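Undergrad: Here you go, sequence then predicted model.
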Amino acid sequence: MTIDEAMALARLRQWCSDRQQLSAAHTVDYMRRGWQERNDRHFDARLVRVIDFSRAMQALDPREQAALILTHRDREPASAVARALGCCERTVCNILPEARRKLAAQLDRMNLL
C-alpha cells in the first residue's frame, strides 16, 4: 500500500467519523473551561469535509464504492463483501487495491489528501 492509499484510508475513516457525528447532532464541544467565544467554524469545516469526500467517492465505480465502504467503514470481512457484491472473495481482493488507488488519485486532484 502506498502512502497516498494510506492517506486515502485515513480520509475515509475521518469521513465516517465526521458523518456519524453530524448525523448524531454532535456539532459543538460543550466541555469548555471558562468563557470562550462561540465558534461554529469547526462544525462548518466538518460539514465541508464530509461533502467534499462524498464528491470524491462519487467519482468511483459503484462496486468500488461499496467494497471500500463495506470493508473500511462497516469492517466487514471479505466473505461478507463478496456476498454483498455478488462475486468471489478473490475479486474483492482485486477490487480493493484499485479502488484505494483511484480514491487516492481523486482526493489528490481535489487537494484533500
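TA: Ah, there it is.

Undergrad: what ranges do the helices span in this protein?
TA: Along the chain, counting by DSSP state H, helices occupy 3-23, 41-58, 62-68, 78-85, 89-109.

Undergrad: how about these in CSV, adding mean pLDDT?
TA: Shown next, in CSV, are the helices of the chain (pLDDT from 0 to 100):
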stretch, mean pLDDT
helix 3-23, 85
helix 41-58, 81
helix 62-68, 94
helix 78-85, 94
helix 89-109, 93
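
Undergrad: got TSV for those helices, with mean neighbour count too?
TA: Where C-beta positions appear, they are placed from N, C-alpha and C, glycine not excepted. Converted to TSV, those look like this (neighbours: other CB atoms under 10 Å):
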stretch	mean neighbour count
helix 3-23	16
helix 41-58	14
helix 62-68	18
helix 78-85	16
helix 89-109	17
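
Undergrad: tell me the contacts of Phe97?
TA: Slight slip there: residue 97 is Pro, not Phe. With contact set as CB atoms under 8 Å, 6 or more residues apart in numbering, Pro97 has these partners: 1, 5.

Undergrad: Val50 too?
TA: Contact analysis of Val50 by CB under 8 Å, 6+ apart lists 15, 18-19, 22.
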